[in-house]
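**Q** I need the structure of the sequence given here:
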Amino acid sequence: MSGPGQPTFVLVHGAFANSFSFAPLQAELGLLGHRSVAVDLPGHGFGATYTRAYQAPQDLLGLAGAPGSIKGVTLADNAAHLIGILERAQHHGPVILVAHSRGGITATAAANARPDLIDRIVYVAAWCPVDLDVGAYYAEPEMATVDVDALGSAMAGNPAELGLLRVNFRTADGDALAAFKAAFLADGTDEEFLAFLNTFQPDENLDAGAPADRAQAATWGRVPKTYVRLADDASMPLALQDRLIREGDRLTPDNPYDVRTLEGSHLKWLVDPAPAARVLGELAMPVDVTPS
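**A** All right, here's what the predicted structure looks like:
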């Protein structure tokens, strides 16, 4: 663990997202006096693939077959990239790792490998698999309310052939857009939803981890951890969030989750980030500054 001082928040995005989505949250954190860095995992941000076929007017056949830079990217690649950032951030003081949604898989893998680089890990409606692999949770009762066809309705190409997941977020299909809004930002305005949707990138990697990538008590379990529940999340239902909390607490009963709750959907905390910034700021408070 690093020594006392001002912490750096390291922010890890979810599926199809990138560092850009954290800009409003970083602004709020900065105005509260906190330092932060938003990560682009491999194949994300300016490393993402946006083909001509994705532009308007769209060439759907071309979009379905175009290669993507994220093909072949693994969870191990994501974790190694994040670990490199954590190593750099730790030079400046404590590190608070914040993960959203699918980003929790990468954060967990990094904590399994290098718990010494993380002073606290914060999951915001994020995956932290303990008892099952991520895919297996989708067959569990806690996920029964999730519309698994929401992304499938706008899927482009065959994932097995492309070697990646590709979703046409620029579709004009009303049913697909309604499904996206219900899944991600049901409590937002149409304008907020479309603005956020246009920050999404079409491609995501296929590797969601294996049993060895689940939370490990001997390493991950040493890191103080917080789970921020999103009370109205349709993509990560509250029942699943609570199950992940219970599983983590059973794995490390001497180091249970500090649990917080924010109102709102899967993306509302990023569209209206002030409440989330205050919660994160509270987590930074116990980190004392050593007098010079």
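
**Q** Following the chain past the helix or strand encompassing Ala136, name the next helix or strand.
**A** For Ala136, the host element (DSSP states H and E) is helix 134-137. Going down the chain from helix 134-137, the next helix or strand is helix 149-152, by DSSP H and E.

**Q** Name the residues that touch the next helix or strand after that following helix?
**A** Where DSSP H and E defines the elements, the next helix or strand beyond helix 149-152 is helix 159-162. The contact list for helix 159-162 (CB atoms under 8 Å, 6 or more residues apart in numbering) reads 65, 67-68, 71, 165-166, 206. For every residue, glycine as well, the C-beta is placed using N, CA and C.

**Q** With just CA atoms, put helix 159-162 into CSV.
**A** Coordinates of each C-alpha in helix 159-162 appear next as CSV, following Å, rounded to 0.1, in the frame of the first residue of the first chain:
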residue,chain,number,x,y,z
PRO,A,159,-19.1,-12.3,-32.9
ALA,A,160,-17.5,-15.7,-33.7
GLU,A,161,-16.4,-14.6,-37.1
LEU,A,162,-15.4,-11.0,-36.1
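
**Q** average pLDDT for that helix?
**A** If you average the pLDDT over helix 159-162, you get 96.

**Q** can you pull the buried residues of it?
**A** Leu162 (16 or more other CB atoms under 10 Å).

**Q** on contacts alone, who are the packing partners of the next helix or strand after it?
**A** For helix 159-162, the succeeding helix or strand toward the C-terminus, using DSSP H and E, is strand 165-166. If you count contacts as 3 or more CB pairs under 8 Å, 6 or more residues apart in numbering; DSSP states H and E, strand 165-166 packs onto strand 203-204.

**Q** which other residues reach the helix or strand following the strand it packs on?
**A** Per DSSP H and E, the first helix or strand lying C-terminal to strand 203-204 is strand 225-230. Residues outside strand 225-230 that contact it (CB under 8 Å, 6+ apart): 120-125, 128, 236, 238, 241-242, 244-245, 248, 255, 257-262, 264-266, 268-269, 276, 279, 283.
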